[in-house]
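Peer 1: just coords:
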């Protein structure tokens, strides 16, 4: 296989989530994901699916991984997670509020202040966890996790899903799990440059017919997503290392200062004891304790 330029930097852990977000931003793959979540809905078509994923407008603005509206009757939001986190259900709660804010923006928002009940698409929340995670719960409840199951607290329940890379007939979720596993296996080879690990992952998946149409259509984009993630990782790691180094140096300075102060206090204590004997010259006490002559004279006056 092709051997690109060498690099020992690993991509960030959520690079797979970035690929997931890119893939599902295209309606035909969003449709396939909906069918994987709702195999019983045989009448839905690709035209019934409208992507409503929140996109980041400002650098620190909120955004989510995947959201679709189906026939204006249901809104589905999915967050892809590489690690376990209860906070994902809080994010989903926020995203739902932002979605409703967008739905009722402008003139239509006046309906919220009317007496007639507004129509809402039924929300469905999902957390897509990496296939290598174990002991996953079936659901995540905002009320249960954060409010001790207080019946008066607001609630949002997210279903937990995880693909099976070994499934004989794979849904797009299973295919993504397979892609994820292949990528992890490539990264496990410490001698393999990152670019080659990326290239091999795409080649293996295409050969096995896993996400083949998406990867063939967007091969360059997928590789760039992973490479950009690595560059982001480089900057982040450099910033973390710099911050840690500064913190360590500051701590060392404080410790040296504190130790110097303790040593000085000990020397003063010894000097006071020697001065109290009244038999040693001040100059000798200064030499013995390492204090300056002025300091010992000052201590002598204070006695």
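Peer 2: Sure thing, it's come through. This one's a predicted model, so the numbers in the text were calculated from it and none came from an experiment.
Peer 1: all helices in the stretch 201-303 of the chain, in order from the N-terminus.
Peer 2: 212-217, 219-277, 282-289, 293-302 (DSSP state H, counting those that start in this stretch).
Peer 1: Quick check: mean pLDDT of the first one?
Peer 2: Within the predicted structure, the mean pLDDT of helix 212-217 is 94.
Peer 1: Buried residues of that helix, list them for me.
Peer 2: Counting neighbours by 16 or more other Cβ atoms under 10 Å, one finds that the buried residues in helix 212-217 are 214, 215. The way it works is simple: take the backbone N, C-alpha and C, and place the C-beta from them, glycine included.
Peer 1: from here on, count from 146
Peer 2: With 146 as the first residue, the last one maps to helix 357-362.
Peer 1: just checking, what packs against it?
Peer 2: helix 339-352 (3 or more Cβ pairs under 8 Å, 6 or more residues apart in numbering; DSSP states H and E).
Peer 1: Reformat the helices of the stretch 346-448 of the chain into TSV and put distance to residue 335 next to each item.
Peer 2: Formatted as TSV, those follow (distance: least, Cβ to Cβ, whole Å):
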stretch	distance to residue 335
helix 357-362	25
helix 364-422	15
helix 427-434	56
helix 438-447	58
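Peer 1: mind checking which of these is nearest residue 166?
Peer 2: Closest of the helices of the stretch 346-448 of the chain to residue 166 is helix 364-422, at 9.0 Å (criterion: Cβ to Cβ).
Peer 1: between that closest one and helix 339-352, how big is the angle?
Peer 2: Relative orientation of helix 364-422 versus helix 339-352 (axes from the mean of the first three to the mean of the last three Cα atoms, to 10 degrees): 140 degrees.
Peer 1: Can you name every helix or strand that helix 364-422 contacts?
Peer 2: Using 3+ Cβ pairs under 8 Å, 6+ apart: helix 364-422 touches helix 160-169, helix 339-352, helix 427-434, helix 438-447.
Peer 1: Try it again at 10 Å.
Peer 2: For helix 364-422, the packing partners by 3 or more Cβ pairs under 10 Å, 6 or more residues apart in numbering; DSSP states H and E come out as helix 160-169, helix 339-352, helix 357-362, helix 427-434, helix 438-447.
Peer 1: Contacts for the shortest one next, please.
Peer 2: Spelled out, it's helix 357-362. 164, 167-169, 171, 173-174, 177, 317, 320-321, 324, 346-348, 350-351, 366-368 (Cβ atoms under 10 Å, 6 or more residues apart in numbering).
Peer 1: Can you tell me the number of residues neighbouring the closest residue to residue 368 other than its chain neighbours?
Peer 2: Nearest residue to residue 368 in three dimensions, chain neighbours excluded: residue 343, at 5.4 Å (Cβ to Cβ, 6 or more residues apart in numbering). Number of residues near residue 343 (other Cβ atoms under 10 Å) recorded here: 25.
Peer 1: Flag the shaky bits of the stretch 346-448 of the chain, pLDDT-wise.
Peer 2: Counting by pLDDT under 70, the stretch 346-448 of the chain shows low-confidence ranges at 375-376, 378-379.
Peer 1: ditto for the stretch 196-345 of the chain
Peer 2: In the stretch 196-345 of the chain, residues with pLDDT under 70: 200-208.
Peer 1: quick check: domain ranges of the chain?
Peer 2: Using automatic domain parsing, the domain ranges for the chain come out as 160-362, 406-447.
Peer 1: Which of the ones you listed sits closest to residue 394?
Peer 2: Closest among these, using Cβ to Cβ: domain 406-447, at 18.7 Å.
Peer 1: Pull up the distance across that closest one, start to finish.
Peer 2: End-to-end distance of domain 406-447 (Cα to Cα, to the nearest Å): 20 Å.
Peer 1: and it, how far from the chain's centre?
Peer 2: Computed by Cα atoms, centre = their mean, to the nearest Å, the separation of domain 406-447 from the middle of its chain amounts to 58 Å.
Peer 1: buried set for stretch 418-425?
Peer 2: In stretch 418-425, counting by 16+ other Cβ under 10 Å, buried: 419, 420.
Peer 1: can you check stretch 341-352 too?
Peer 2: For stretch 341-352, by 16+ other Cβ under 10 Å, it's 341, 342, 343, 344, 345, 346, 347, 349, 350, 351.
Peer 1: Can you tell me which of these is nearest residue 227?
Peer 2: residue 346 (15.3 Å).
Peer 1: Excluding chain neighbours, what is closest to that closest one?
Peer 2: Nearest to residue 346 is residue 328, by Cβ to Cβ, 6+ apart, at 4.6 Å.
Peer 1: Then that neighbour would be within a helix, right?
Peer 2: Yes - under DSSP: H, G, I helix; E, B strand; the rest coil, residue 328 sits within a helix.
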